[in-house]
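Novice: how would this look folded up:
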Amino acid sequence: MRLPEIRVFALSFLLVCQAQAAPLRSWKPISPARETQDRETGTWQFQDQTGSPWRIIVGADGGYMSYGSLNTSQEGTKTGYALGGRVLVAYYWLSMVAEAGGGGAFISVRGRNPSGSILCSGGGACTDSVLTKVPFLDASVRYRFGRYLQIGPEFQYNLGSDFALNTDVNSGVSNQGMFVGAQVVHEWERERKFRLGARWLTSISGTPRAVHQLQAFFQMAFDLPFTGSTSRPKRALEQVTEEDLDRASYSTPRSSLPMSIPDSEPPKTSEEALEPVPVPTPAEE
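Specialist: Have a look, this model is predicted:
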């Protein structure tokens, strides 16, 4: 390891140690009573409670694909997997979430072909394989059940051809597949919003094939520029510096401190009040 690298490593290690040495205080979540009050007054919009309702959503998808057979004597059902990702723009209402955007997918499916095809080598029964790389548009609207659960319909439109959708997979006819379905999302928030979800889609593009897509996905949210989006503090635990402790030690307490009250003397009688008070003379001193 060269000297500059050693210096960078040492400085980074020192900064991490200092950050970990600072005392931490935990962030207190909003109480259920406060959340109910915010909902009734219309101020509750989404989990972080502040800023713009716009968010950018970035995520990865993966799951199962199935293309049904039109004629079992000539082809078999094709199954496989689909992997991809998407970027969406989301808007939050009191009880709804709407989002739209695009992404891309890599689809690999195969199935037994009893009659053979040009996809097979040497003729005869073989396995047909179809590989697809396709961009798409995506839109969905979901209802929010409380703070975490969301359920709603989804629509996806392919911008490229998926030849496994064609009546004859060997034809190479161009197509733009359309899919509809539903998705369920579990959303929570730490330093930013995170999602785990699942979707089911089926084709409505006019193909006679029964097409099913089952996917799981993970997504995370980012602030949308130029909309005033602000999320919760970037750390769930807030660092307390020595300066904060010194300032707190000199601050005025919010409530008065308990003080002991001396016993009051009994009231003097009129005769005691009229008695002269002896004053020492210089000779006596």
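Novice: flag the shaky bits of this protein, pLDDT-wise.
Specialist: Scanning the chain for pLDDT under 70 picks out 1-51, 115-125, 226-240, 249-285.
Novice: ranges for the helices of it?
Specialist: 3-21, 32-41, 242-250, 270-274 (DSSP state H).
Novice: ranges for the strands of the stretch 1-150 of the chain?
Specialist: Using DSSP state E, counting those that start in this stretch, the strands of the stretch 1-150 of the chain run over 24-26, 54-67, 78-92, 96-113, 126-145, 149-158.
Novice: how about the nearest residue to Arg199, chain neighbours excluded?
Specialist: Take Arg199 and drop its neighbours on the chain: the residue closest to it by CB to CB, 6 or more residues apart in numbering is Gln183, 3.8 Å away. For the C-beta atoms, the positions are set from N, CA and C on the backbone; glycine is no exception.
Novice: got a list of what Ala110 touches?
Specialist: Not Ala; residue 110 is Arg. Lys78, Thr79, Gly80, Thr127, Asp128, Ser129, Val130 (CB atoms under 8 Å, 6 or more residues apart in numbering).
Novice: dump those residues to a markdown table, plus neighbour count.
Specialist: Converted to a markdown table, the contacts of Arg110 look like this (neighbours: other CB atoms under 10 Å):
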| residue | neighbour count |
| --- | --- |
| Lys78 | 24 |
| Thr79 | 14 |
| Gly80 | 18 |
| Thr127 | 12 |
| Asp128 | 20 |
| Ser129 | 16 |
| Val130 | 21 |
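Novice: count of residues packed around Thr167?
Specialist: Close neighbours of Thr167, defined as other CB atoms under 10 Å, add up to 11.
Novice: separation between it and Gly80?
Specialist: To Gly80, Thr167 is 19 Å away according to CB to CB, to the nearest Å.
Novice: repeat that for Glu154.
Specialist: 21 Å.
Novice: outside of stretch 62-69, which residues touch it?
Specialist: So stretch 62-69 is contacted by 75-84, 107, 109, 111, 164-165, 199, 209-217 (CB under 8 Å, 6+ apart).
Novice: got a quick PyMOL command for the buried subset of those?
Specialist: To isolate the buried ones among the contacts of stretch 62-69 in PyMOL, judged by 16 or more other CB atoms under 10 Å, type:
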select buried, resi 75+76+78+80+82+84+107+109+111+164+165+199+209+211+212+213+215+217
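Novice: how many neighbours does the nearest residue to Gly172 once chain neighbours are set aside have?
Specialist: Using CB to CB, 6+ apart and skipping the chain neighbours, the partner closest in space to Gly172 is Phe163 (6.0 Å). Here the number of neighbours of Phe163 (other CB under 10 Å) works out to 16.
Novice: could you do Tyr67 as well?
Specialist: Tyr67, neighbours per other CB under 10 Å, totals 27.
Novice: now swap in Ser73 and tell me
Specialist: Residues lying near Ser73 (other CB under 10 Å) number 8.
Novice: what of Asn113?
Specialist: Neighbours around Asn113, by other CB under 10 Å: 22.
Novice: does it touch Val130 like I think?
Specialist: No: counting by CB atoms under 8 Å, Asn113 sits too far from Val130 to count as a contact (11.2 Å).
Novice: can you list the buried residues in stretch 192-212?
Specialist: Residues of stretch 192-212 classed as buried under the neighbour-count rule (16+ other CB under 10 Å) are Lys193, Arg195, Gly197, Arg199, Trp200, Leu201, Ser203, Thr207, Arg209, Val211, His212.
Novice: ok, Ser205 - contacts?
Specialist: By CB under 8 Å, 6+ apart, the contact list for Ser205 reads Leu165, Asn175, Gln176, Gly177, Met178, Phe179.
Novice: drop anything exposed from these.
Specialist: With neighbours counted using 16+ other CB under 10 Å, the contacts of Ser205 contain these buried positions: Leu165, Asn175, Gly177, Met178, Phe179.
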